[in-house]
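Visitor: I would like the atomic coordinates for the input below:
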Amino acid sequence: MRVDGLACPFCAYGIEKKFKAMEGTEKIDVDLDKGLVSVDVAEGTKFTDEQMKKLFGDSGFTYRSMKVSPR
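Guide: This is a model prediction of the structure:
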C-alpha cells in the first residue's frame, strides 16, 4: 500500500498495531523512506480500499493505493 505521512518508527509501530488487530494478518513491513506498507495475509483474507482508507485515516495518514500480489 502507498501511504503519505509516514515519517518515523513510531508511525510504523502505530500502523503495525492496527494491522495486527485485523484477522488474517501474518506479516507487516513498513518502508518509511518509500511510504510503502506491505502486509502478508492468510489465504482467503482480503482488504478493501475502504478498510484501508479508514485504517490509515484514523491513524493520521493518507492512504493512496493498494497493489495485491500473489504469493
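Visitor: would you map the helices across the chain?
Guide: 9-20, 49-58 (DSSP state H).
Visitor: columns mean pLDDT on top of those helices, output as TSV?
Guide: Formatted as TSV, the helices of the chain follow (pLDDT from 0 to 100):
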stretch	mean pLDDT
helix 9-20	91
helix 49-58	94
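Visitor: wait, which of those helices is closest to residue 41?
Guide: helix 9-20 (9.2 Å; C-beta to C-beta). In short, each C-beta sits where N, CA and C put it, glycine included.
Visitor: tell me what angle the closest one forms with helix 49-58.
Guide: Note on geometry: by axes from the mean of the first three to the mean of the last three C-alpha atoms, to 10 degrees, helix 9-20 and helix 49-58 are set 140 degrees apart in direction.
Visitor: residues making contact with helix 9-20?
Guide: Applying C-beta atoms under 8 Å, 6 or more residues apart in numbering, the contact partners of helix 9-20 are 3, 5-6, 25, 28, 30, 32, 37, 39, 55-56, 58-59, 61.
Visitor: what is the burial count for the closest residue to residue 60 other than its chain neighbours?
Guide: Leaving aside its sequence neighbours, residue 60 sits nearest to residue 5 (C-beta to C-beta, 6 or more residues apart in numbering; 6.6 Å). The number of residues packed near residue 5 is 12, by other C-beta atoms under 10 Å.
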